[in-house]
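>>> missing the sequence, but the structure's below:
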């Protein structure tokens with residue numbers, strides 16, 4: 001995986017597309033991703049992994065998220081990754097899917 005020369009917008013869009021497909025949502029219903037705890041944690045874990053947590057892009061899709069929320073959500077998502085097997089399995093599966101699409 002390219003660590004430094006990745007297209008952050010492309011990675012962000014792949015993450016959004018993956019989560020929308022998983023939840024059966026359209027792009028217009030994207031805000032519902034954050035209502036589902038597992039999807040919210042998965043979203044924050046993936047945007048951190050792929051270094052695509054630009055506040056402008058996130059704010060465009062999720063206006064209720066701000067810098068303070070992002071930090072809190074990153075911390076909570078990391079805790080859940082360690083404690084919750086389902087989130088851990090979902091994270092690694094999503095990571096594999098995103099890597100295959102690249």
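That came through fine. Since we're looking at a predicted model, the values are computed, not measured.
>>> contacting residues around the least confident helix or strand in the chain by mean pLDDT?
Taking mean pLDDT, DSSP states H and E as the measure, the chain has helix 55-61 as its least confident helix or strand, at a mean of 84. When contacts are defined by C-beta atoms under 8 Å, 6 or more residues apart in numbering, helix 55-61 is touched by residues 9, 12, 16, 30, 31, 47, 65, 66, 67, 70. From N, CA and C alone the C-beta is placed, and that goes for glycine too.
>>> let's see it at 6 Å
With contact meaning C-beta atoms under 6 Å, 6 or more residues apart in numbering, helix 55-61 is reached by 12, 30, 65.
>>> Stretch 33-42 now?
The set of residues external to stretch 33-42 that reach it, using C-beta under 6 Å, 6+ apart, is 19, 43, 62, 77, 80, 87, 90.
>>> I'd say the fourth one and residue 43 touch.
No. Here residue 77 lies out of contact with residue 43, judged by C-beta atoms under 6 Å, at a distance of 8.1 Å.
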